[in-house]
Structure formats: C-alpha cells, structure tokens
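J.: need coordinates for the following:
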Amino acid sequence: MAASGPTKIAWKLQEFVAHAGNVTCLVLGKNSGRLLATGGEDCRVNLWSVSKPNCVMSLTGHNTPVECIQFKDSEELVVAGSRSGSLRIWDLEAAKILRTLSGHKANICSLDFHPFGEFVASGSMDTNVKLWDIRRKGCVMTYKGHTNAVRCLRFSPDGRWIAAAGDDSTVKLWDLSAAKILTEFTDHTGPVNIVEFHPNEYLLASGSSDRTIKFWDLEKFKMVSCTEVESTPVRSILFNPDGCCLYSGSQDSLHVYGWEPPRCFDVLPVNWGRAADLCICSNQLIGASFNQVTVSTFVVDLNRVKKTGSIVQGTVEDEKLFNLPVMKVAALRRNYERPLTTCNRPQSKVKEELENEGKNQSAEEEKDDKESTAEIRNPEEYKEIFQPQNAIARTPPRRTDPFPAPPEDDTTSVKESEKVTPPTEVPSPALKRLQADQLSFHPSAASTPNNRPEAPIIPIAKNEPIGLKAADFLPNNKLADLNDEDAMSQIQKGHDTMCVVLKSRFKNLDTVRAVWTTGDIKTSIDSAVTMNDLAIIVDILNIINLKPALWKLDLCPSIIPPIDKLLQSKYESYVQTGCTSLKLILQRFGLLIADNLVTLPSIGVDITREERHQKCKLCYKQLKNLLPILQSKAGMPGRQGSAFRELQLLMAAFE
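T.: Predicted coordinates for the structure are as follows:
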C-alpha cells in the first residue's frame with residue numbers, strides 16, 4: 001500500500017550479522033536485485049535474500065578467508081576467491097560445488113563471469129589476470145602487465161574485451177580473441193578500485209583512490225572527461241541501465257554524474273558508510289555495505305533523483321534548466337554488438353557438459369570438491385529463489401514491486417537510518433583526541449529535509465533586466481503626460497548614480513589587479529575584503545576557483561567570512577561562487593584543519609607550527625559559523641539544495 005504522506009528518498013532496508021568472523025566482501029545480484037552473497041574470515045560464503053533476515057544457503061570449502069565473490073549474470077552460479085589463491089564455483093540450483101580452480105600464487109582480489117561463454121576471469125595480488133574455462137577446468141590464458149594487485153575485472157558487454165584495474169594506478173584493456181593488450185590508461189594518480197563498461201556505448205568508467213572518476217572512449221582510446229575530486233576514494237560505481245548517467249557510492253552519499261560535458265546532476269546523503277556494491281531493480285538503487293560482522297542494505301528511490309540536465313559540475317544553475325526536455329540524439333560512439341548464438345545454449349546442456357568433463361578430475365581435485373558443501377539454511381526461501389515452480393527459465397523471482405518507502409515522519413525509520421556505519425578509514429591521532437563537544441558538525445539526514453521557506457533567489461539566467469519594468473515606459477503610463485525633456489530626465493534618473501558605482505568598482509578592481517600582478521595573492525585578497533564590495537569578492541574568487549592550485553591555507557581566514565555573506569545572497573551567481581569556493585577549501589584543507597586543532601607537544605619553539613595551529617583553529621571557528629546556513633538551505637529543491645547537502649557531507653569530515 002502506498003504511503004499516504006511524503007516518503008523518504010533514501011532509507012536503510014536492513015542490518016544483520018552475516019558471519020561468525022569479520023565480513024571481507026559482498027556482492028549483489030545484478031539480474032534480480034534481490035540476491036546478496038557475503039564472504040567472511042570464517043571461510044564461508046553465505047547467501048541472503050535482500051530484505052530477509054535469515055541466511056538462505058551457506059557454502060563451505062575454502063580453507064582461508066574469502067576475499068571476493070561474483071555472481072554469474074543468470075545468478076545460478078557463484079564464484080569465490082580466497083586468500084590462498086584458489087577459486088571455487090558453486091551451482092546454486094543444484095546446491096553443490098561445481099569447480100575448484102587453482103593457479104594464483106597470492107590472494108584473489110577480483111572476479112568476473114563472461115557474459116555468454118562458460119569462462120571466468122580472476123585477478124590476484126600476484127599481479128596476473130587469468131582466464132579459466134569452467135568446462136575444462138583449466139586456465140586458458142594468463143595476462144601479465146600489471147605491477148601490483150589487480151583490484152577489479154570486467155568483461156565488456158559483447159564479451160570480446162576484458163578491463164583490469166590495479167593498485168599500480170592503471171587500467172589495462174585486453175582483446176580476448178587476439179590474446180593481446182589493446183591499450184593502457186595511466187591518467188589516474190592513485191590505485192584504481194573499480195571499472196565499469198557502459199551498457200551500450202564504447203565507453204569505460206574507472207574509479208580510483210585519487211578520488212576521481214574518469215571516462216574513457218574505447219574507440220579513440222583516450223579520456224573523455226574526469227569528475228571533480230570527491231571527499232573519499234571511489235570504490236563503487238554503476239551505470240544506469242539505459243546509460244544516461246553514472247552512480248557513485250561515496251562515503252555516506254550518492255553522486256549522480258554525466259560525462260559529456262562532465263557534470264554532477266545530484267548529490268544525495270545516504271548513511272551507508274562505505275558502499276561495497278550497487279545494483280538497480282524496479283527503478284530503485286540497492287546499496288550494500290559491511291562493517292566487522294554486520295551487513296547493511298539501503299534503498300534509494302531513483303524516481304526522485306536527477307539523472308539528466310545541463311548543469312556543469314561545480315556550478316549552481318536555475319532549477320528551470322532541469323525541466324528542459326531531453327533531446328534524443330544519435331549515440332556519440334559505436335554500440336556493442338552482442339552475439340546471438342552463444343548465449344542461447346540451454347543451461348541444462350551446459351551443466352551436462354560440465355558434469356561429464358568433471359568426471360576426469362584428479363584425486364586431489366575430487367578431494368577438494370568433497371570438502372566443499374552447500375548447506376541450505378532456509379529451505380522455503382531456497383525453493384522460492386532457485387527452484388520456482390512455474391518458471392520456464394531459471395531465475396530468481398522477478399519482483400516488480402519495489403521496496404515500500406517509509407514515510408518521512410516515521411520516527412522509528414529515521415532512527416534506524418541514522419545509524420551510520422562507521423567508516424573503515426583510519427582516523428588521524430589528532431581527531432581521536434578531540435572532545436565530542438569541540439566538534440559539533442552534524443549533517444542533516446536525507447530523509448528529513450528542511451522545508452523552511454527561503455528568500456527569493458535572483459537566477460543567473462533572466463529574460464529581462466533586474467529591477468527594470470517595461471510597463472513604466474508604455475503609453476498608458478504617467479510618462480505619457482510628460483514632455484520629451486521631462487520624460488528623458490525621468491528615464492535617466494539614477495544613471496549618474498550607477499555611473500559612480502561602476503567607476504568606483506572599476507577603481508577597486510584596478511587596485512586589486514595592481515597588487516595581484518606583484519604575485520602577492522594574499523594581500524590582493526585582503527584588499528578586496530576591506531573594500532566591502534561582494535561583487536569584487538566574486539570576481540576574484542571566480543578566478544581563483546578556475547585554478548585550485550592558487551588556494552593556500554593563508555587565504556582561508558580572510559576569505560571564509562565573505563563566503564558567509566555570499567551563501568546568504570539573493571543572487572544565484574553569488575551563491576554559486578560561494579559554494580564552489582567553500583567546497584575547494586574543505587576538499588583541500590579540511591583534513592589539515594582537523595589534524596591541527598590540537599597542539600601536540602614539541603621540543604623547542606616551532607614558530608611555523610604555532611602559526612599553522614592558530615590559522616587552523618581560526619578556520620575551524622569560521623567554518624563552524626557556516627553550519628547553520630548549510631543546514632537551513634540543505635532542504636532547498638534542485639541543484640542548489642544538492643550543493644548545500646554536499647557541503648554538509650564535507651563538513652562531516654570534522655567529526
């Protein structure tokens with residue numbers, strides 16, 4: 001039954017204890033969106049039905065902790081890699097082990113099934129990528145080239161290529177039929193954690209610990225665009241099924257990106273901690289995360305998330321732009337050509353071949369398989385998922401009904417959703433010493449936006465001059481009774497005043513420019529601030545924002561107070577500049593300010609250190625004063641609200 005009142009955009013679905021030891025990995029079934037597999041230090045793989053509390057099946061056989069898991073597209077097979085370098089594949093329908101594969105010399109870090117053929121790829125800390133033939137139970141190809149662990153593998157939608165991302169900050173693309181490398185992308189400056197192919201076009205996205213997502217053209221083999229730096233490393237990304245946008249599961253938030261041109265459509269707070277995997281079902285995005293022995297799942301209503309628009313990232317534009325119709329144009333690049341025959345083989349025939357060829361296993365391999373079991377913990381749910389009575393082709397039940405969204409005023413759900421999963425990133429020693437009352441930044445929950453009415457905003461794009469009414473010049477106005485000389489005098493009223501204002505502004509800008517040309521940016525900023533003219537501040541900030549390298553900690557104490565005024569301005573262009581500047585300050589100096597809030601004991605006198613401590617302490621107080629403004633504007637609709645919510649998330653780094 002649909003809720004009678006407003007419902008939440010994002011909410012926690014469930015939280016449960018998944019393993020006897022710490023959870024090490026998890027994966028969501030992309031086909032149904034209702035199946036979840038977890039791996040743990042207890043060497044088990046447990047299967048769960050999303051939103052159900054009980055384990056459906058527990059798979060054993062590994063002798064070392066499970067490091068990664070992956071479902072086959074049809075979700076009838078699951079493969080798990082362990083710390084010892086071995087792979088095990090289970091048939092979930094038959095509830096038994098299908099294959100045990102060995103060959104890697106170190107931890108298995110990544111896995112992926114071929115979309116059509118009976119192959120699986122594995123990447124390891126031994127820097128190799130191996131392609132395995134499930135039917136013949138052997139490695140058919142080893143791809144070398146990475147110099148560090150291979151963290152993610154993905155087959156292209158047509159099954160002809162495989163992309164590998166590694167800790168060596170590179171993404172390599174191999175052609176399977178030619179058994180050679182096609183290209184290597186080296187523009188990331190940190191380990192690459194995740195890669196995803198566009199569902200239709202020749203486009204690849206990669207997320208890295210350098211906190212950016214890069215998009216690559218697979219026809220020209222060059223970078224298309226790059227997102228702005230996020231607050232934390234990028235570890236989970238997912239294209240929308242129709243390919244219109246890309247979702248990034250950031251720390252406690254969801255970002256929605258476009259790539260041509262690069263832009264962020266929406267930012268939504270979601271208290272999932274560090275999202276480990278994402279999938280989409282019934283126009284809802286399902287996200288899963290883990291912390292120690294517990295696993296949490298979250299739901300985001302994609303009907304209320306902006307996926308298109310003409311908003312370039314880093315700007316705040318008029319809400320009307322989002323309502324423009326989306327033009328359907330020809331694809332910018334070629335689409336994948338999927339084979340029509342390979343994927344149509346009956347699954348029963350494939351299984352028969354696997355079983356027949358499995359009879360030729362060695363004694364050692366047979367022993368490994370005998371040690372592997374598939375224990376059905378919940379027979380009713382197992383039969384419902386893996387053995388549907390009226391299904392022609394095996395698949396988990398397609399539940400078209402989405403998960404019901406709880407109402408916004410549901411206090412129980414709010415409390416549940418506010419149980420933020422503690423981040424796995426290790427905080428700095430200085431942050432651990434901070435008192436709870438010293439840091440009081442608290443971002444508002446996604447489910448409880450502030451609906452307080454805001455002052456009218458003058459948008460950037462306007463069809464008529466601000467403050468000028470055309471009706472004043474029409475014949476039926478009182479001006480019609482005036483002679484020409486009086487009419488001109490009336491029209492020019494205020495002209496002299498405006499000229500004085502513009503001349504004064506030009507003089508001030510010329511003064512700032514004269515100081516700027518000497519290379520002393522700090523003094524030019526200080527002089528602009530003393531002029532008490534926000535237009536001057538906006539002009540200078542727009543220049544500095546184009547070159548983030550110009551930002552120094554010395555500038556922050558001078559520029560944060562004017563940003564306070566910009567965020568409260570009625571002019572959208574001023575708000576836009578203030579948001580962009582504050583975002584750059586938090587991204588570049590947030591951790592530095594937090595680490596220097598507490599003075600650590602030192603030997604002797606360190607004047608530089610003392611000055612840095614005082615600057616960081618002052619910046620912290622100034623940023624704290626901005627928090628009420630961010631909280632009051634976070635509930636605004638459209639791009640402005642998204643910008644303020646993102647700033648709130650960056651502020652949360654001080655906690």
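
J.: list the helices and strands whichever strand or helix holds K583 packs on?
T.: Per DSSP states H and E, K583 falls inside helix 572-595. Helices and strands touching helix 572-595, by 3 or more C-beta pairs under 8 Å, 6 or more residues apart in numbering; DSSP states H and E, are helix 429-433, helix 534-546, helix 556-567, helix 607-633, helix 638-651. To be clear about C-beta, it is placed using only N, CA and C from the backbone, and glycine gets the same treatment.

J.: report the mean per-residue pLDDT for the helix or strand following the first one.
T.: Per DSSP H and E, helix 429-433 leads on to helix 484-491 as the next helix or strand towards the C-terminus. Throughout helix 484-491, pLDDT has a mean value of 74.

J.: tell me how far helix 484-491 lies from the chain's centre.
T.: Centroid displacement of helix 484-491 relative to its chain, using C-alpha atoms, centre = their mean, to the nearest Å, is 59 Å.

J.: could you grab the helix/strand/coil label for the closest residue to V234 other than its chain neighbours?
T.: What sits nearest to V234 in space, not counting adjacent residues and going by C-beta to C-beta, 6 or more residues apart in numbering, is G207, at 3.1 Å. What DSSP: H, G, I helix; E, B strand; the rest coil gives for G207 is strand.

J.: list the beta-bridge partners for the residue nearest the centre of the chain.
T.: Most central in the chain under C-alpha atoms, centre = their mean is S248, positioned 2.1 Å from the mean C-alpha point. Beta bridges link S248 to I237, H255, judged by DSSP bridges.

J.: buried residues in stretch 525-539?
T.: Residues 525, 527-529, 531, 533-534, 536-539 are the ones in stretch 525-539 that count as buried (16 or more other C-beta atoms under 10 Å).

J.: now, which of those residues sits nearest W259?
T.: Of all these, V538 has the smallest distance to W259: 28.7 Å, by C-beta to C-beta.

J.: which residues touch that closest one?
T.: Applying C-beta atoms under 8 Å, 6 or more residues apart in numbering, we find V538 in contact with 566, 573-574, 577.

J.: for G258, same thing?
T.: By C-beta under 8 Å, 6+ apart, the residues touching G258 are 245-246, 264-265, 308-309.

J.: now it: which helix or strand?
T.: Using DSSP H and E, G258 maps to strand 253-259.

J.: describe which strands whichever helix or strand comes after that strand pairs with in its sheet and in which direction.
T.: Counting by DSSP H and E, the next helix or strand C-terminal to strand 253-259 is strand 262-269. In the sheet, strand 262-269 lines up against strand 253-259 (antiparallel) (DSSP bridges).

J.: by mean pLDDT, flag the weakest helix or strand of the chain.
T.: Lowest on mean pLDDT, DSSP states H and E among the helices and strands of the chain sits helix 429-433, with a mean of 36.

J.: quick check: buried residues in stretch 140-153?
T.: 143, 145-146, 149-153.

J.: now do the residue nearest to N54 when sequence neighbours are not counted: how many residues are near it, please.
T.: Among residues not flanking N54 along the chain, N378 sits closest, at 5.0 Å (C-beta to C-beta, 6+ apart). Using other C-beta atoms under 10 Å, N378 has 18 other residues around it.

J.: which one of the helices and strands packed on helix 572-595 lies nearest to K383?
T.: helix 638-651 (43.0 Å).

J.: and the strand holding G258, C-alpha only, in PDB?
T.: The C-alpha trace of strand 253-259 is given here as PDB (Å, rounded to 0.1, in the frame of the first residue of the first chain):
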ATOM      1  CA  SER A 253      26.400   9.800  -0.100                       C
ATOM      2  CA  LEU A 254      25.300   9.000  -3.600                       C
ATOM      3  CA  HIS A 255      26.600  11.100  -6.500                       C
ATOM      4  CA  VAL A 256      25.000  11.100 -10.000                       C
ATOM      5  CA  TYR A 257      27.300  12.000 -12.800                       C
ATOM      6  CA  GLY A 258      27.300  12.800 -16.500                       C
ATOM      7  CA  TRP A 259      30.400  12.800 -18.700                       C
END
